[in-house]
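Colleague: 3D, please:
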Amino acid sequence: MSVSRCYIQSIGLISSLGEETGETLIRLMQGDTGGMREEPGWLPSGPACVGRVTATLPRLPSAFAEYDCRNNRLMAATAVQIEPALTTLIERYGPARIGVVLGTSTSGIAAGEDAVAAKLRDGVFPPDYSYRQQEIGTIGPFAARLLGVTGPAYTVSTACTSGAKALIAARNLLALGVCDAVVAGGVDTLCRLTIGGFSALESVASERCNPMSRNRRGINVGEAAALFILSREPAAVCLIGAGEASDAYHLSAPDPEGRGAGIAIRAALAEAGIAASAINYVNLHATATLKNDAMESAVMARIFPTGVPASGTKPLTGHTLGAAGALEAAFCCLALTGKGQLPPHIWDAEPDPALPALDLVTTGQTLPRGQGRLCMSNSFAFGGSNTSLIFAD
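Modeller: As a prediction, this is how the structure comes out:
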């Protein structure tokens, strides 16, 4: 398959940073951590710091009642932001030429948690509960029905690379000529199963996460939806390179040498036809866990030996799991289409002497002026799933 470049026609975003792209851009570049809050009830041992979406999420239309859960509501609320561009493309190409690929990790598990709690209390499941609310593959086909498109529609679930892999899958559908436009991205919502699982791995911080610091203690979980429309029509931002690798080093721990991560990054650079030194900014995966940050900093130092401006944005949003790869790719696009500002790296500024030093972005730092600027977004996941995306203006 000859992979052609594809372009970003529209982006919709909702996260703890804001309810749309304009608000998100302002708060992102300010390094605003106001959306991160310590909440009780998530962990038996005490509160957890989470990135909660505070926007009101309306119920789904009655025709979609069996899909009505927080995860699907969040996707639907975000989809409103891309509807004008999507309507134009449907009129141009027809609904059968538009696909949907969405990533998720938790799906509607929170709805299942509530339903089980109700059954234990009342002896029966709630009348409005349907397994479709939590079925992991539901989100892609449901989104297609909601949006009125009939091209290929499916879900990607590869843990924390899901949203990034959805963008790569969309790019491939365009390159193959299967679609003329694709709605792609990721969505995940808070649930106790996920936070409890990370807690069992001793990877959750009760305070705001602190990536790349000697004092880092683990992740904060967040929720978000990030939706893109991609097509072959030229637009302000282009996806020029993508790399994937599966090292399968361990079920939950990264390969300490970062071999798979390095393969993915180098593959993205090779596909884009550029040297590492051409990259102007990297959005790090930067989970603030001991092992991820150690692996990632080693890979960055190896591939970018002279340094590159980089930041981890999870202290602003939490780790949004299946949405993270798409959300952080969107942050790269916002840097390219905004005023050239870069997302600052929010931490306690106490570097870990055991890690290679990185060129971490400070508030007010900007991209070079002009066109042809390049931003990279990296995502790494359980099971050794690794992705790297490169965007250009």
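
Colleague: Okay, and the residue nearest to the spatial centre of the chain sits in which element?
Modeller: For the chain, the residue sitting closest to the mean C-alpha position, by CA atoms, centre = their mean, is Ala324 at 2.0 Å. Assigned by DSSP states H and E, Ala324 belongs to helix 324-337.

Colleague: and whichever helix or strand comes after that helix, what other elements does it pack with?
Modeller: Counting by DSSP H and E, the next helix or strand C-terminal to helix 324-337 is strand 374-381. Identification of packing neighbours for strand 374-381 by 3 or more CB pairs under 8 Å, 6 or more residues apart in numbering; DSSP states H and E yields helix 162-175, helix 259-272, strand 281-283, helix 290-303, helix 324-337, strand 385-392. (Each C-beta comes from the backbone N, C-alpha and C, glycine too.)

Colleague: Mind checking those for the one nearest to Ile229?
Modeller: Ile229 sits nearest to helix 162-175 of all the helices and strands packed on strand 374-381, at 9.1 Å, using CB to CB.

Colleague: okay, the angle between that closest one and strand 385-392?
Modeller: Helix 162-175 and strand 385-392 are oriented at 60 degrees to each other (axes from the mean of the first three to the mean of the last three CA atoms, to 10 degrees).

Colleague: Other residues contacting stretch 21-37?
Modeller: 11-13, 15-18, 49-52, 54, 81, 208, 220, 222, 313, 315-318, 330-331, 334, 338-339, 341-344, 346, 363 (CB atoms under 8 Å, 6 or more residues apart in numbering).

Colleague: That stretch: which residues count as buried?
Modeller: The neighbour-count check on stretch 21-37 (16 or more other CB atoms under 10 Å) flags 21, 24-25, 27-33, 35-37 as buried.

Colleague: Pick the one among those residues closest to Asp359.
Modeller: Using CB to CB, the buried residues of stretch 21-37 come closest to Asp359 at Gly31, 16.3 Å.

Colleague: So for that closest one, what's the nearest residue that isn't a sequence neighbour?
Modeller: Pro344 (4.1 Å; CB to CB, 6 or more residues apart in numbering).

Colleague: tell me the pLDDT at that neighbour?
Modeller: Per-residue confidence (pLDDT) for Pro344: 98.

Colleague: I'd assumed Ser311 was in contact with it.
Modeller: Yes. Under the criterion of CB atoms under 8 Å, Pro344 makes contact with Ser311 at 6.1 Å.

Colleague: any common contacting residues for those two?
Modeller: Shared contacts of Pro344 and Ser311, defined by CB under 8 Å, 6+ apart, comprise Val361.

Colleague: out of those two, which sits in the busier spot?
Modeller: Set Pro344 next to Ser311 and count neighbours by other CB atoms under 10 Å: Ser311 wins out with 29 against 21.

Colleague: Spit out the contact partners of the residue nearest to the more buried one when sequence neighbours are not counted.
Modeller: Spatial nearest neighbour of Ser311, chain neighbours left out: His345 (3.7 Å); criterion: CB to CB, 6+ apart. Residues in contact with His345 (CB under 8 Å, 6+ apart) are 211-212, 286, 310-312, 360-362.

Colleague: Just the buried ones among those residues, please.
Modeller: Members of those classed as buried by 16+ other CB under 10 Å are 211-212, 286, 310-312, 360-361.

Colleague: With secondary structure, pLDDT and distance to Ala117 added, can I get these in TSV?
Modeller: Below are the buried ones among the contacts of His345 laid out as TSV (DSSP: H, G, I helix; E, B strand; the rest coil; pLDDT from 0 to 100; distance: CB to CB, whole Å):
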residue	secondary structure	pLDDT	distance to Ala117
Pro211	coil	98	34
Met212	coil	97	38
Ala286	coil	97	34
Ala310	strand	98	42
Ser311	strand	98	39
Gly312	coil	98	35
Leu360	strand	98	42
Val361	coil	98	43
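
Colleague: Ala276: which of the residues you listed is nearest?
Modeller: Taking the buried ones among the contacts of His345 together and measuring to Ala276 by CB to CB, the closest member is Ala310, at 12.1 Å.

Colleague: beta partners for that closest one?
Modeller: For Ala310, the beta-bridge partners under DSSP bridges are Val282, Leu360.
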